[in-house]
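*Asks:* Predicted structure and sequence below. I'll ask about it afterward.
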Amino acid sequence: MPMTREQTESVNRFMVALRRYLRAFDMLSRGSRLSENLWHDYDTAFREVLATLHDQLVEGSLNALIAEAAESRVQEALSPQGVTIEVQLASRVGFKNRESKELLLGLLQLPPQEITSLTAVVIRDKLQSLHHASKVELARSEKETRRDKKRRKRNVAQGVSSGVFGACLIAGDSLFPSPLSVASCGLGGTAIFMAMRDLIGEPPDKNNR
């Protein structure tokens, strides 16, 4: 069923919020010192992400695509054209083409995964845990040697990027329902769960192994 104008506008606001959040993280993580202003901007950007995810139109749109993908038993690999489309969607959130392709290729190398446990509420909770963990890890990096700090920040960046990328795929694909979007939705769910594993060390959900 085609999305209404109100649904489209709400999902687009969510993607704009993801873009601002990713930029705020980039500014924070790249700084040699974590200033109060950068912490404030990072938290403010995340509150905007949460606010848009609480929008019932966004929640309904994401849940509709996830439910369709969960019911589909066909696990299709993305074609080169499909990869191009997903890269274009990710660019709307601020991912560079090369970065998006690397993330997609990494996800495509993993076994097909079920997303029966995934919902918009779960996405919100996962991103909230991810945000909190990223702050803890970045704060820890302040007390480390330059080498250790660089490694920790790299891990945090990988986790945050995966989480935002996964949310972006699901949100972007909900705007254009198609067989491609159903296949890509599973990749988005995988990216979100991978982010938690990489940054927090959380074991995969039993339905996402």
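*Replies:* That came in fine, so what should we check first?

*Asks:* Contact partners for the residue nearest the centre of the chain?
*Replies:* Centre of the chain computed as the mean C-alpha position; nearest residue by C-alpha atoms, centre = their mean is residue 164, 2.4 Å away. Residue 164 makes contact with 18, 21, 22, 93 under the criterion C-beta atoms under 8 Å, 6 or more residues apart in numbering. C-beta: built from backbone N, CA, C; applies to glycine.

*Asks:* Show me the shaky parts of the chain.
*Replies:* 1, 32, 72-77, 111-114, 200-209 (pLDDT under 70).

*Asks:* which residues in this protein form helices?
*Replies:* 5-30, 36-53, 56-71, 80-91, 97-108, 120-141, 146-174, 179-200 (DSSP state H).

*Asks:* right, so those: which one is the most enclosed?
*Replies:* Sort the helices of the chain by mean neighbour count, taking mean count of other C-beta atoms under 10 Å, and helix 179-200 sits at the top with a mean of 22.

*Asks:* Output the contacting helices and strands for it.
*Replies:* Contacts defined by 3 or more C-beta pairs under 8 Å, 6 or more residues apart in numbering; DSSP states H and E place helix 179-200 against helix 56-71, helix 80-91, helix 97-108, helix 120-141, helix 146-174.
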